[in-house]
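here's my sequence, what's the structure:
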Amino acid sequence: MISQGNELEQDHETASLAVPQRWRSSLWSVLARRRWIIVVSLATSLVVAGLYLLKATPAYTVQSTVLVSASSPRLLKDAAPPSQSSNYLQTQCELMLSSPILGQAVDHLSPGAKKVFRDAENPVAWLKQNLQVSLGKKDDIITVSLENPYSLEASELVNAVVDSYVAFNSEFRKDSAQELLRILQKEKVKYDQDLHKKLMEIAKFKETNGALSLQSDKGNIVLQRLASLSEAHTAAQLDRMEAEALHETVDKATAHPELAGGLCELAMRDGPIQDGEKALVELRRQEQDLLAQIQQLRQECTQEHPVLKDLLARQSELEAQRAKLQKGLVDRLKDWAGERYEIAKMKETSLARSLEAQQAEALSLNSKAAELALLEAELDRAEKLCDVLDERVKEVDVNGDSGALNISVLEVAKPDEKPTSPNRSRILAAALVVGLLLGVMLALLRDWRDDRFQNADEVTSSLGMRVLGTIPSLPSASLKNACLDARSDMAESCRTVRTAIRFGASSSSVKTLLLTSPLPGEGKTTLAANLAVAMAQSGLRTLLLDADFRRPMQHKLFSIGSTNGLCNVLAGETELSEAIRPSGTSHLDILPCGTIPHNPAELLGSDVFTSTLRRLCDSYDRIVIDSPPVLPVADARVLAALADITLLVVRAGQSRRRASNDAIAALHSVGGRVLGMVVNAVDAPKQYRSYYRKPKGQEALYAGGAQ
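Below is the predicted model:
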């Protein structure tokens, strides 16, 4: 038995060194045990969501759709149409959010519609943050939308923004066309006068010299060169006029910062500046993604949310980068237009000098035919130049008139009757998910921090001690005579413990059996009484010794007097035979506590108690000792040192791992031999409990203490 005790001590030491098992049961059992935490979390989350929905101001989303087809007048002769630019429509979206267009829309609002801004200090800045202008992913339709509590006023504001954009775009295109038309008309007047002058000179020459035929002079190299230079000079003059028109248009447009997007479009479409397109498109894409995130967060949180502040700061950075990039492109366009204009002027001047030199050379022929050919060449050049100018004037005039028709409003913003925010179903679903997740997390956290035993498996894994048996939960009214019913759940459980003791310890060497617990209220007294009954029913002469000198309870369970008992025997006031009482069950006697002493620990540790216990061992096969808890007082440790084996009783749902470990260590410190653990108040499955119930009508067959 000593070797067996050493093995028990080694098992306990190994268990104490093992890593604590935090998750002591399956997930479902934990959630079922902590179900009220989950229910409360779900209810709280739903209540908070309901209160938010009750107090939240409903918002309505109004939108208008616009189709933009680029067909503006071309400033350069061979320029590609604007629709070929991949970011042209993105530029239009940015243009809708520019300050001039938004400011004009705010100015044209009716007084009642301005309440949509609520307490905003700057309506234009408020619109830039809340107005959404997006381009379709699978189409070229621009959508302008606004979410606001005032549906009617918001629809008027969205329509005002679209109207302002249409008017602004039309005016800008007309201004560009009119500027080019003015320059062309001015040049045309000058060349018409020159053409008229040439016609008059030829008419006067022919009147003076008569009609001449110069067909034979076509091979003259001087005259051919003169004709070529005349044509080249005409082309240079036209190119200079177009470059001058572009230069003046860019100079005027750069005075308006809100037109930076349009100038960048022009720089990457009509000019040679193509390398900035990829970077600009990437910045705009990032801004669109960031704007979508900001709008989503505004629906879910307040303006002071840190994540929203970070996104707004990032939006400002992207706007600054885009403005810087646009400014660089505009500056490059301006420089390029100026250089092109200067090169065109230089080319025209150079060709003019060459033409004058060639004319001088032709005149040096001192021939009437050469003079007439010269006059006819100048006339032909003037006629061609005038024809080209006429065609360009007509083209610019037609395109300028149609420039206002390239924007089509497909859908006008209308008041919405159904609010889009807050989204009740989404918020309630989110509250349900959040409440469930929070409840599960709190339940798992609560279970992780709860070191109480819930079942026998947790006792084994946490303490490393063998579990001799489990005792079912019973109502307090059924505990007294639980083992008197041979077919009760308590009786079967006690017989299981009795069998474990029989095979776990040698029957010949074990006489005294101590039952104790780490703390009060864990069911050791009731178990001691029922275990004693179970041992007596097996035919063993059994004595139930109530050694709990603090709160004795065995005399109450068996309804016997407490006048004389163990304390009176130890004090010499009565004889041992007089203190032992029959229990009413065969082979079972009771030795109650008797009068409660003032020094329980000293009395239990005395030689008188040791000799009395030896006398009792000579008279009984088993002595079941009921003692106080281990941790509050020292009585159980004294009794554990005297008893052959000790059973430690813990209660499911109440006993804690740390207290149980301390109790086992305290018993081992005095040489106590802890045979194992008994887990009390365990909820057994229904199929197990119902197996040993008495069949209806056969109760009499089981009376009399069947084993």
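
quick one, helices of the stretch 601-707 of the chain?
Along the stretch 601-707 of the chain, counting by DSSP state H, counting those that start in this stretch, helices occupy 607-619, 635-642, 657-669, 686-689.

for the third one, buried residues please.
In this case it means helix 657-669. Neighbour counts over helix 657-669 (16 or more other Cβ atoms under 10 Å) mark 657, 659-661, 663-664, 666-668 as buried. Just so you know, the C-beta spots here come from the backbone N, C-alpha and C atoms, and that holds for glycine as well.

could I get the helices of the stretch 601-707 of the chain in CSV, plus columns for mean pLDDT and distance to Leu432?
What follows is these, written out as CSV (pLDDT from 0 to 100; distance: least, Cβ to Cβ, whole Å):
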stretch, mean pLDDT, distance to Leu432
helix 607-619, 90, 64
helix 635-642, 90, 51
helix 657-669, 88, 35
helix 686-689, 49, 32
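
out of the ones you listed, which comes closest to Cys494?
helix 686-689 (14.9 Å; Cβ to Cβ).

against Arg452, how distant is Val682?
From Val682 across to Arg452, the span is 13 Å (Cβ to Cβ, to the nearest Å).

the more surrounded of those two?
Val682 (20 against 17; other Cβ atoms under 10 Å).

so who does that one touch?
Val682 makes contact with 455-456, 470-473, 652 under the criterion Cβ atoms under 8 Å, 6 or more residues apart in numbering.

out of the residues you listed, which sit inside helices?
Within those, residues falling in helices by DSSP state H are Ala456.

so of the contacts of Val682, which two are at opposite extremes in space?
Ala456 and Ser473 (13.5 Å).

show me which of these two is the more surrounded one.
Ala456 (19 against 15).

and that one, how far is that from Thr470?
Taking Cβ to Cβ as the measure, Ala456 falls 5 Å from Thr470.

same question, Pro632
From Pro632 to Thr470 the distance is 25 Å (Cβ to Cβ).

neighbour count: the two, which is higher?
Thr470 (20 against 12).

the more buried one against Val678, yeah?
Yes. With contact defined as Cβ atoms under 8 Å, Thr470 and Val678 form a contacting pair (7.4 Å).

I'd like the helices of the stretch 601-707 of the chain as CSV, with distance to Val330 appended.
Converted to CSV, the helices of the stretch 601-707 of the chain look like this (distance: least, Cβ to Cβ, whole Å):
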stretch, distance to Val330
helix 607-619, 106
helix 635-642, 93
helix 657-669, 75
helix 686-689, 83
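
now, the contacts of Val682 that are in strands?
470-472 (DSSP state E).

and the strands in the stretch 501-650 of the chain?
Per DSSP state E, counting those that start in this stretch, the stretch 501-650 of the chain carries strands over the ranges 512-516, 542-546, 581-582, 588-591, 622-626, 645-651.

mind checking which of those strands is nearest Ser98?
strand 645-651 (75.9 Å).

that older thread, turn the buried residues of helix 657-669 into JSON lines, columns for distance to Gly50.
Shown next, in JSON lines, are the buried residues of helix 657-669 (distance: Cβ to Cβ, whole Å):
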{"residue": "Arg657", "distance to Gly50": "41"}
{"residue": "Ala659", "distance to Gly50": "43"}
{"residue": "Ser660", "distance to Gly50": "45"}
{"residue": "Asn661", "distance to Gly50": "47"}
{"residue": "Ala663", "distance to Gly50": "49"}
{"residue": "Ile664", "distance to Gly50": "51"}
{"residue": "Ala666", "distance to Gly50": "54"}
{"residue": "Leu667", "distance to Gly50": "55"}
{"residue": "His668", "distance to Gly50": "57"}
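
let me know the closest of those residues to Ala601.
For those, the nearest to Ala601 is Ala666 (13.5 Å; Cβ to Cβ).

quick check: closest non-adjacent residue to the closest one.
Spatial nearest neighbour of Ala666, chain neighbours left out: Val630 (5.4 Å); criterion: Cβ to Cβ, 6 or more residues apart in numbering.

can you give me the neighbour number for the one you found?
Residues near Val630, counting by other Cβ under 10 Å, number 27.

touching, it and Ala665? I think so.
No. Using Cβ under 8 Å, Val630 is not in contact with Ala665, being 9.6 Å away.

low-confidence ranges in the stretch 201-350 of the chain?
206-207, 209-220, 222-223, 253-278 (pLDDT under 70).

how about the helices in it?
221-253, 260-269, 277-300, 306-363.

I'd like to know which elements the last one is packed against.
In terms of contacts (3 or more Cβ pairs under 8 Å, 6 or more residues apart in numbering; DSSP states H and E), helix 306-363 is packed against helix 221-253, helix 260-269, helix 277-300, helix 368-402.

and with 6 Å instead?
When contacts are defined as 3 or more Cβ pairs under 6 Å, 6 or more residues apart in numbering; DSSP states H and E, helix 306-363 sits against helix 221-253, helix 260-269, helix 277-300.
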